[in-house]
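A.B. asks: Dropping the sequence and predicted coords here.
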Amino acid sequence: MAISKVGVCYGMLGDNLPRPSEVINLYKSKGVTAMRIYDPNADALNALRGTGIQLIVGVPNDQLGNLGSASGAAAWLNKNVIAYPDVSFRYIAVGNEVVTEYAHFILPAMKNVYAALSSAGLQDKIKVSTAVAQSVLGSSYPPSNGDFSSEAKAYMGPIVQFLASHGAPLLANVYPYFSYVGNPKDISLGYALFTSPGTVVQDGRFGYQNLFDAILDAIYAALERAGGANVEVVVSESGWPSAGGTAATVGNARTYNQNLINHVGQGTPRRSGKAIQTYIFAMFNENQKTPPGIENNFGLFYPNKQPVYQINFR
C-alpha cells in the first residue's frame, strides 16, 4: 500500500457540520487520501468502508482507563476496528496530548491494544502509537539539543522503547504557529510560514530554513536520546488558523498549509529525502472547540463545505 504523505484531521466538535458521508465525499473530491479521527465514530467508519482512505483512529483520553485491561482493549478493538475489515486503518492513536497525571494510562493501554491486534493477526498492518504535543520537549533549540522534559521522560522513555520494539512511529502534533506567537521577538513570521529565503538556524552541519523542520528534528533528537533512533515521527496535526488571533489570517493560513503540503515530500535536515507523513488540522472550522477564538478557525472548509481558502492537495 502506498503511503499518503498528506492527510487531513476530521474533527467533529461542531453542531453544524455535514454528515460523515458528505465529509468523506469531500475528501475524495479533493484527492485527500488519509484522515485522522479522534474517536471511532460509527457513521464515519461506515462511510469510510471501501474508500481506501488511510485512517488514524483515536482512543479518546477519557477511555484510556478502560483499555488498561486485556479484555477492555480487546472489546474496544473488536467493536471499532475489527468490525470494519473494509476500512484502511493505518494507526491507532492511544490518547491525544495526554497530560502528565494521566500519562501512566498510555503504555498499558498501548500494550493491550497491541496484544489484541496480534491476536487478530493485524499487528503488522495496523500500528499502535500515541499522539504527543510539542510540550513533551524540554529542550528544542538548536534542534540537535532536542530532549524530552524531565517530567515527560518518566513516561516517554518506556513509550519510545515500545514503539522502537514494534516498528511503530511516534505521532506528534507540530505547530510552528504557537511557537511563533509565543516568541515573535526571536522567531520570524517567514521562518514559521516556510517563506524564509535562506537558512535561519545553522545547527552543526544542518541548516534550517523553516521552523517545522526544526521542531521535527528536535523531536528526532529527543527520540535518539531516549533510545528510539529507529522511530519515525508522523506529524499527526499541523496547521495555521485563519482568524481569531495574532497572525491568524486567511493569507497566512493558506501560505502555511500549501507550503506544508509542498514541503513534506523532501524530509527534514536530519531525515533528508524521507517523506514526512503529515495530517493538516483540520477539515472544518469547529464552532464547539474551546476556548473560543483561534481554536475555532483552523479549518480548510466552512461547515457548509465551502473552502476558507483554495488549497491544492494533488
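C.D. replies: Thanks, I have it. Bear in mind that the values here come from a model prediction, so they are computed numbers and not experimental data.
A.B. asks: in the protein, which spans are helices?
C.D. replies: Listed in chain order, the helices of the chain (DSSP state H) span residues 20-29, 42-48, 70-77, 106-119, 150-166, 176-182, 189-193, 211-225, 250-263.
A.B. asks: In the fifth one, which of the residues would be classed as buried?
C.D. replies: Of the residues in helix 150-166, those buried under the neighbour-count criterion (16 or more other CB atoms under 10 Å) are 152, 153, 155, 156, 158, 159, 160, 162, 163, 164, 166. (Each C-beta comes from the backbone N, C-alpha and C, glycine too.)
A.B. asks: per-residue confidence at residue 5?
C.D. replies: Residue 5 is assigned 85 on the pLDDT scale.
A.B. asks: ok, it - contacts?
C.D. replies: Neighbour list for residue 5: 264, 265, 275, 276, 277, 278 [criterion: CB atoms under 8 Å, 6 or more residues apart in numbering].
A.B. asks: Counting neighbours, what do you get for residue 190?
C.D. replies: Around residue 190 there are 16 other residues, counting by other CB atoms under 10 Å.
A.B. asks: Excluding chain neighbours, what is closest to it?
C.D. replies: residue 196 (4.4 Å; CB to CB, 6 or more residues apart in numbering).
A.B. asks: Just give the number of residues close to the one you found.
C.D. replies: 17.
A.B. asks: Tell me who's in contact with it.
C.D. replies: With CB under 8 Å, 6+ apart, residue 196 has these contacts: 188, 190, 209, 210.
A.B. asks: Ramachandran angles for it?
C.D. replies: Backbone torsions of residue 196, given as degrees, to the nearest 10, read phi -70, psi 140.
A.B. asks: Nearest residue to the residue positioned nearest the centre of the chain in space, please, no chain neighbours.
C.D. replies: Geometric centre of the chain, nearest residue: residue 236, 0.8 Å, by CA atoms, centre = their mean. Excluding the flanking residues, the one nearest residue 236 by CB to CB, 6+ apart is residue 171, at 3.8 Å.
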